[in-house]
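S.K.: could you work out the structure for the sequence below:
(4 chains)
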Protein chains: 2
Amino acid sequence: MEPLAFHHHDHSHCEGDVMHRAEALAKEQGLRLTPVRKRVLEILLEAHKAMGAYDVLQRLAAEGFGNQPPVAYRALEFLVEHGLAHRIRRLNAFTACMHPGEAHSPAFLICRQCDSVAEADAAGVRAALGASADALGFTIERSNIEALGLCPACKAA
Amino acid sequence: MEPLAFHHHDHSHCEGDVMHRAEALAKEQGLRLTPVRKRVLEILLEAHKAMGAYDVLQRLAAEGFGNQPPVAYRALEFLVEHGLAHRIRRLNAFTACMHPGEAHSPAFLICRQCDSVAEADAAGVRAALGASADALGFTIERSNIEALGLCPACKAA
DNA sequence: GCGTATATGTGATAATATCACAAGTCAAGG
DNA sequence: CCTTGACTTGTGATATTATCACATATACGC
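M.R.: Take a look at the predicted model:
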């Protein structure tokens, strides 16, 4: 897991790279990465930050896709379902997954200043959470771990 | 931190107990636990599960308080702000805090079957999350940790 | 090709949340 | 007592986020 988001990096490269992995993954698993779905993923990758469903929808509509909410929500739901995007509940928004395919249990670090979102390694976090849940006899199926704060860049400024 | 939610317990007792602690806390800190706010906390405690703002509002309206959304949202915001309630983002809902005053960093265990919500000990979780964030130079100010799954009771049934 | 499952387009509507402003309440100081 | 200022509440309007229902189209297995 690379701490991509908070470091300078060749952005166009990371877009293409992630996109290729996503496509390979889709093929591998027999997923249908249709035009709308693919375009939504591209939009999220280009933005490189969390986007609301309606922001995505606006982009789609401008490109000739349907302009009703379900168009965006369905594509986003598909991507999230298959691990190609994540839903950031704190922001009512979505981001592209930067590590598609890699089994990862993401924790999100959300900068309250610049709204950037990074995926942090959450293996340890998840282990601790699992332990707490076990102690109560609770079985975890999914979890959201989101932190709000200041990213390195905004802290410096 | 007691694993209250998933065990049989004298419910009316826990309501009164938490309410008393909340009132003491408010006095101590010079908070104004006004009628609406107090009533909202009571409603959450009585329900003993996550409630949407509009559910709370409906109860309030039936009791002669205002019936516009801000009435509920403001009271809920106040309670959350001061640690007397929690916002469960996954459910767009709110619960009473079962441990007011105790410095605690809650993780929420949400049963997808019965919608009960328990606060789990998250000290370890938070430590791990802090470590991940540090590694990226990110400073955490607040965080939400929510897990969805099956509570002991629903697992048995 | 045919039939079936899946995906998309579209209009309507539901659910959640915030804004703006007026009116009321409370407490401290003159 | 009475004024003042901060905070709280009531209310109407509106913004934002999300889902439903149903028709149409597209892709896939046979």
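S.K.: setting the sequence-adjacent residues aside, check what's closest to A:R37.
M.R.: Nearest residue to A:R37 in three dimensions, chain neighbours excluded: A:A75, at 4.8 Å (C-beta to C-beta, 6 or more residues apart in numbering or on different chains). Placement of C-beta: from N, CA and C, glycine included.
S.K.: you'd agree the one you found is in a strand?
M.R.: No. Looking at A:A75 with DSSP: H, G, I helix; E, B strand; the rest coil, it is helix, so not inside a strand.
S.K.: what sits against it?
M.R.: Going by C-beta atoms under 8 Å, 6 or more residues apart in numbering or on different chains, A:A75 touches A:V36, A:R37, A:R39, A:V40, A:V56, A:L60.
S.K.: okay if I get those as JSON lines plus distance to B:C151, neighbour count and secondary structure?
M.R.: Formatted as JSON lines, these follow (distance: C-beta to C-beta, whole Å; neighbours: other C-beta atoms under 10 Å in any protein chain shown; DSSP: H, G, I helix; E, B strand; the rest coil):
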{"residue": "A:V36", "distance to B:C151": "38", "neighbour count": "17", "secondary structure": "helix"}
{"residue": "A:R37", "distance to B:C151": "35", "neighbour count": "22", "secondary structure": "helix"}
{"residue": "A:R39", "distance to B:C151": "40", "neighbour count": "17", "secondary structure": "helix"}
{"residue": "A:V40", "distance to B:C151": "35", "neighbour count": "29", "secondary structure": "helix"}
{"residue": "A:V56", "distance to B:C151": "35", "neighbour count": "22", "secondary structure": "helix"}
{"residue": "A:L60", "distance to B:C151": "39", "neighbour count": "20", "secondary structure": "helix"}
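S.K.: out of those residues, flag the one nearest to chain B.
M.R.: Closest approach to chain B among the contacts of A:A75 (C-beta to the nearest C-beta): A:V56, at 19.9 Å.
S.K.: so the closest one touches A:I43, yeah?
M.R.: Yes. With contact defined as C-beta atoms under 8 Å, A:V56 reaches A:I43; the gap is 5.8 Å.
S.K.: hey, what's in contact with both of these two?
M.R.: If you check A:V56 and A:I43 against C-beta under 8 Å, 6+ apart, no residue is contacted by both.
S.K.: interface residues of chain A facing DNA strand C?
M.R.: By the rule C-beta under 7 Å from any atom of the strand, the part of chain A lying against DNA strand C is A:32, A:34-37, A:65-71, A:74-75, A:78.
S.K.: buried subset of the residues you listed?
M.R.: Taking 16 or more other C-beta atoms under 10 Å in any protein chain shown as the criterion, what is buried in the residues of chain A next to DNA strand C is A:V36, A:R37, A:F65, A:V71, A:A75, A:F78.
S.K.: any part of stretch A:88-102 near chain B?
M.R.: Yes. Judged by C-beta under 8 Å from any C-beta of the partner chain, stretch A:88-102 and chain B are in contact via A:R89, A:R90.
S.K.: what's the distance between the closest residue to A:I145 other than its chain neighbours and DNA strand C?
M.R.: Once flanking residues are discounted, A:I145 sits nearest to A:A107: 4.0 Å by C-beta to C-beta, 6+ apart. Distance check for A:A107 against DNA strand C: by C-beta to the nearest atom of the strand, to the nearest Å, it reads 21 Å.
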